[in-house]
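J.: Test case, fold it:
(chains A, B and C)
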Amino acid sequence: MKKDVAVLGAGMTLFRRRLKETGKELSYLAAKQAMEEAGIQKDEIDMVVMGTAPDAFDGIHMKGENLLDGAAGANKPYVRVFNGGGTGVFAPIAGWWHVASGVADVCLVVCEEKMGSCYPHPQTAFRHIWDPILDRPLNPNLVWLFAMEMNRYMTVHNIKKEDIARIAVKNKRNAVGHPCAQLADPNITVDDVLNSEVMAWPVQRLDISPPSDGAAAIVYCSKDVVGKYTDDPIYVGGVGWNIDSTMWTNRDLYFPRYVALAAKMCYKMAGIHNPTKDIDFAEPYDPFDYKEAHHTEGLLLCKKGEAPLLTKEGVTARDGDLPICPSGGLLGVGNPIAATMGQKVCELYWQLAGKAGKRQIPGDPRVGVGQAWGDIMQMATVIALRRG
Amino acid sequence: MRMAEKKYEGYPKEAPGTHLRTSDIREKKVSYTWWEPEVQYAWSVGHAMSEFLKGLKQGKILGIHCKRCKRVITPPRSFCEYCYGPTDEWIELPDTGIIETYSISYLDPNANRIEEPILIGVIDIDGADEHHGFMHYFGEMSKDEIKIGMKVKAVWKPENEREGAITDIKYFKPLRGGE
Amino acid sequence: MTFGEKQTDPTAPTHWRGNMQADYLYPNGAAGDKFFQHLKNNDSFLACTCKKCNKTFCPPRLYCEDCFEEIPDNAWKEVSTTGTVRLFTIANLDAHGEKLENPKVMALIDIENTDGAILGTIDLVDLNKDYSGLKVRAVLRPLGQREGTIKDIIHWELV
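T.: Have a look, this model is predicted:
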């Protein structure tokens, strides 16, 4: 019998291109914040899960082991999970396994990334994701990969660039209410995005989220013990994950079928039968503006090709019918790969608990969905949180 | 030493962490440690890729057939990842195809800005199943001409310069009528 | 039929060579920066003590990993660059497995008046000596030539 899993607290550090603190120190700062909100001490934590993406960013081999003492992991059952960009939602899913299975009553999940250590730019580490025989000899730049997916998506659905640029504007403006935000901008316009430098057409500079350093944390507990900590618990409603083949040149990239499969798995568990009606807000992964649209369709929140229209019509604004990325997303707050758990899961919790301050969605949100995406356009991880 | 002095209304209540600017590093306001690791690799190519690379050296693009899924796959592999069985016969494919997707890049491989863009994309190879192909450069066409669905043909290096690598093809050019 | 085929061509490619090239700039951290900036300008180490369990860390930390409490600024103190050898080994091969011209003595040195230890080399090489328990002092780069990294400690000498 799976146990119900509640979220007790969350924490996040500042997100910036480079932070002074080491990975361990960042993990500590986020974990401590989450534990203080939850009202728990280190000895009440049964198990710890660390989510952190490639060792090559921090530049420390076996960095899961290196980070553990900053994540309260010393002398505890501890595991590090990783699937590239999907880690930000996969680590909380792995934390959920620990509590839902009954082996832990209280589990701490910490996600950390220090992309700033890779010099001069984390691009150098990203280069090694390509197949060494078929792709690397062509010296590809990672931006090319996303440009090709964006081009395919826009061409198949005949989407105009300004409809996608509008998403970047929405998120960077939403981020103004976020203390940790790296790129919040209350005045940015669609023209600013369209006039920004072309990196690899159709991708322009303001379409992309920045690389960042940062950490985030979340504390789970089992329903059996939740009464000790709170009377208004926020529960994990469902989890789902799915991955597609590495042979990305053998897939039609216009629709992320792996996101749909992960979403279906999550919605089935959560009892979400009609996503557009049952889900109140969502945090799909938005490392690029077109990705928010791509993933919104993958999450079955609208028909294929329609997501940019939702933003055009104001549906996805914080006060719209289906707020998307009310945190400001990766485009506004920053992209420290795994630590984006801060926007994709911690935000769901803070919104449902009514604690999101300036970013709070009006009305009475009861169900929120977060999603992350990783590797070579392969991994999808989806989580649904509900109030009560 | 708590970094976060400012408290916010709503959560997160603080954003601990110290921003490190490039100027802080350049002016040595903070101490740091520098490391240049050296890691060399010799990756096993595997049997299927070995044949594919051999084919490239001979000026051929090879595909492989999965008889259960009834699909012709390129780049070839030893097992089909969908039905999870071993793949079957080798098939020589034409060196033509259509553009599946592309990008016009003003960044070179080291992320430096360039004036003349690089044209890169994915080519669906003729004879293989739909959406089956590989990534390569495009040449002999301008950024205004390139489009999804354009028919293209491989331009090979001269035989004595080929080494059994994906770069034995220099780029794909437009297949204009009569070729 | 790749699995069933015989490999009869000795010239068929078997390997693809390459490297993983990346450079790293590791900021020493909130606690580390304080330690190394101090070492840059002084001939002493900094250490800090957890108020809850009284463990004294050297090199110092932002937090105590056992109590998971932050260690405040007023719990930091200066200690001398002396210590005792806890463990040692004589190394004959370098990091790439090549024979060293002269063997090196690698040691883990417990720093005096702290619960911490630092790894280093001892400058006197005697293949028959038992270094365990011997007192050592850090030999630092001259002031003005220090960079703020662990290499500011050149090696350790016996006292």
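
J.: can we go C-alpha only for contacts and neighbour counts from here?
T.: Noted.

J.: Which strand or helix spans the residue most central in space within chain C?
T.: Nearest to the mean C-alpha position of chain C, by C-alpha atoms, centre = their mean, lies residue C:119 at 4.5 Å. In this assignment (DSSP states H and E), residue C:119 forms part of strand C:117-122.

J.: Can you name the next helix or strand after that strand?
T.: That would be, after strand C:117-122 and using DSSP H and E, strand C:135-140.

J.: That following strand pairs with which strands?
T.: Strand C:135-140 has the following strand partners under DSSP bridges: strand C:82-93 (antiparallel), strand C:153-158 (antiparallel).

J.: ok and the last one relative to strand C:117-122, angle-wise?
T.: Spelled out, that is strand C:153-158. Between the direction of strand C:153-158 and that of strand C:117-122, the angle (axes from the mean of the first three to the mean of the last three C-alpha atoms, to 10 degrees) works out to 80 degrees.

J.: how many other residues sit next to residue B:169?
T.: Summarising burial for residue B:169: neighbours were counted as other C-alpha atoms under 10 Å in any protein chain shown, giving 22.

J.: so the residue nearest to the centre of chain C touches residue C:109, yeah?
T.: Yes: counting by C-alpha atoms under 8 Å, residue C:109 is a contact partner of residue C:119 at 6.2 Å.

J.: can you pull out the strands in chain B?
T.: Assigned by DSSP state E, chain B shows strands spanning B:32-35, B:39-44, B:61-66, B:71-73, B:90-93, B:96-107, B:113-125, B:133-137, B:151-156, B:169-174.

J.: now swap in chain A and tell me
T.: Counting by DSSP E, residue ranges of the strands within chain A are A:5-12, A:47-51, A:78-81, A:106-114, A:118-119, A:198-201, A:203-204, A:213-222, A:234-243, A:281-283, A:367-374, A:379-387.

J.: measure the residue sitting nearest the centre point of chain B to residue A:69 for me?
T.: Against the mean C-alpha coordinate of chain B, by C-alpha atoms, centre = their mean, the closest residue is residue B:135 at 4.8 Å. Spatial separation of residue B:135 from residue A:69 under the definition C-alpha to C-alpha, to the nearest Å is 43 Å.

J.: Next, count neighbours for the residue of chain C found nearest chain A.
T.: Taking C-alpha to the nearest C-alpha, chain A has its nearest neighbour within chain C at residue C:29, 4.1 Å off. Counted with other C-alpha under 10 Å, residues neighbouring residue C:29 total 24.

J.: Likewise for residue C:104?
T.: Tallying neighbours of residue C:104 according to other C-alpha under 10 Å, which is how burial is gauged here, yields 20.

J.: does it really touch residue C:94, like I thought?
T.: No: in this structure, residue C:104 is not within contact of residue C:94 by C-alpha under 8 Å, at 9.3 Å.

J.: Compute the inter-axis angle for the lowest-mean-pLDDT helix or strand in chain C and strand B:39-44.
T.: Every helix and strand in chain C was compared by mean pLDDT, DSSP states H and E; the lowest is strand C:15-20, with a mean of 87. In this structure, strand C:15-20 runs at an angle of 150 degrees to strand B:39-44, with the same axes, to 10 degrees as the basis.

J.: Quick check: pLDDT value at residue B:60.
T.: Residue B:60 carries a pLDDT score of 96 in this model.

J.: so who does it touch?
T.: By C-alpha atoms under 8 Å, 6 or more residues apart in numbering or on different chains, residue B:60 lies in contact with B:92-95.

J.: go on, residue A:294?
T.: Contacts for residue A:294 (C-alpha under 8 Å, 6+ apart) come out as A:153, A:254-256, A:307.

J.: Using neighbour counts, trim those to the buried set.
T.: A:153, A:254-256, A:307 (16 or more other C-alpha atoms under 10 Å in any protein chain shown).

J.: quick check, nearest of these to residue C:56?
T.: residue A:256 (52.4 Å; C-alpha to C-alpha).

J.: Could you report the distance from that closest one to chain B?
T.: Between residue A:256 and chain B the distance is 14 Å, computed by C-alpha to the nearest C-alpha, to the nearest Å.

J.: Quick check: closest non-adjacent residue to that residue.
T.: The spatially closest residue to residue A:256, leaving aside those adjacent along the chain, is residue A:298, at 5.7 Å (C-alpha to C-alpha, 6 or more residues apart in numbering or on different chains).

J.: give me every residue that touches residue B:33.
T.: Under the criterion of C-alpha under 8 Å, 6+ apart, the contact list for residue B:33 reads C:25-28, C:149.

J.: pLDDT wise, what is it at?
T.: Residue-level confidence at residue B:33 comes out at 93, pLDDT.

J.: I'm done for today, thanks for sticking with me.
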